[in-house]
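Trainee: no sequence for this one, just the structure:
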């Protein structure tokens, strides 16, 4: 089994050096970057299984880097910050981070979280079909070529907008999408704060694909942030 590759992104050399010792002892392969720009460059050349990403860095901070990474990659991202108020920013911006730790932290706690995120990521991606036009989420199957949706083999009829929302969330499993981001991605126009169109569409999708729309299994609500497919 190949060693998981972890990208450490932090401008504090001492932290990188310390984490490298712990992570190599656990058998991980390590890559380094001193800021967001360097991290994006590494990701163009290397396959990375998980990213540990600091927020406060020169050239490009962790929040901007995370947003750019999430445009086309879905590996787990754990964010680090010495400022507690940054944690509100991470959640409020729906950056797509999977977990976060406040500095200073115990390296053993970070190791535990890395292991947890890698287990979760592996579990979610095991058995994913190799065909680019098929997405599977447990009993839910989405065929992006034929626009067919099935739950336990039962075909579900969705409108084009409903299908586009479901595909968006399923294609980016684990990432929280705000109502504004969903609207702008699907409708391709600016979002108005008073518009509840997305909420109405989510409710209709749940009524069609969920056994119990009040306790959804597929489309989860992250209160105050948005929606995600786990």
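Mentor: Good, I have the coordinates. Since the structure is predicted, the reported quantities are computational estimates derived from the model, not experimental observations.

Trainee: what helix or strand does residue 6 sit in?
Mentor: strand 5-9 (DSSP states H and E).

Trainee: avg pLDDT for that strand?
Mentor: For strand 5-9, the mean pLDDT works out to 92.

Trainee: other SSEs contacting it?
Mentor: helix 13-25, strand 29-33, helix 36-45, strand 50-54 (3 or more Cβ pairs under 8 Å, 6 or more residues apart in numbering; DSSP states H and E). C-beta: built from backbone N, CA, C; applies to glycine.

Trainee: make JSON lines out of the ones you listed and add mean pLDDT, mean neighbour count and distance to residue 62.
Mentor: Shown next, in JSON lines, are these (pLDDT from 0 to 100; neighbours: other Cβ atoms under 10 Å; distance: least, Cβ to Cβ, whole Å):
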{"stretch": "helix 13-25", "mean pLDDT": "88", "mean neighbour count": "14", "distance to residue 62": "13"}
{"stretch": "strand 29-33", "mean pLDDT": "90", "mean neighbour count": "18", "distance to residue 62": "11"}
{"stretch": "helix 36-45", "mean pLDDT": "90", "mean neighbour count": "17", "distance to residue 62": "6"}
{"stretch": "strand 50-54", "mean pLDDT": "91", "mean neighbour count": "26", "distance to residue 62": "5"}
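
Trainee: what strands flank the strand holding residue 6, and is each parallel or antiparallel?
Mentor: Using DSSP bridges, strand 5-9 pairs in its sheet with strand 29-33 (parallel), strand 50-54 (parallel).

Trainee: so what touches the last one?
Mentor: Okay, so that is strand 50-54. For strand 50-54, contacts defined as Cβ atoms under 8 Å, 6 or more residues apart in numbering pick out 4-12, 15, 19, 39, 62, 65-66, 69, 75-81, 97, 110, 114, 117-118, 121.

Trainee: what are the phi and psi values at residue 199?
Mentor: Taking degrees, to the nearest 10, you get phi -60, psi -40 for the backbone angles of residue 199.

Trainee: tally of neighbours for it?
Mentor: 13 (other Cβ atoms under 10 Å).

Trainee: equivalent analysis for the one 3 residues further on, please.
Mentor: Residues lying near residue 202 (other Cβ under 10 Å) number 22.

Trainee: same for the host helix or strand of it, what does it pack against?
Mentor: In this structure, residue 202 sits in helix 197-209 according to DSSP H and E. Judged by 3+ Cβ pairs under 8 Å, 6+ apart, helix 197-209 is in contact with helix 160-171, helix 179-187, strand 219-222.

Trainee: what about 6 Å?
Mentor: Judged by 3 or more Cβ pairs under 6 Å, 6 or more residues apart in numbering; DSSP states H and E, helix 197-209 is in contact with helix 160-171, helix 179-187.

Trainee: would you mind putting the strands paired with strand 5-9 into JSON lines with distance to residue 215 alongside?
Mentor: JSON lines is the format used below for the strands paired with strand 5-9 (distance: least, Cβ to Cβ, whole Å):
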{"stretch": "strand 29-33", "distance to residue 215": "40"}
{"stretch": "strand 50-54", "distance to residue 215": "30"}
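
Trainee: and the ones you listed: which comes nearest residue 230?
Mentor: Taking Cβ to Cβ, strand 50-54 is the member of the strands paired with strand 5-9 nearest to residue 230, at 17.4 Å.

Trainee: about what we covered before: in CSV: the helices and strands packed on strand 5-9, plus distance to residue 228.
Mentor: Listed next are the helices and strands packed on strand 5-9 as CSV, based on distance: least, Cβ to Cβ, whole Å:
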stretch, distance to residue 228
helix 13-25, 28
strand 29-33, 27
helix 36-45, 22
strand 50-54, 18
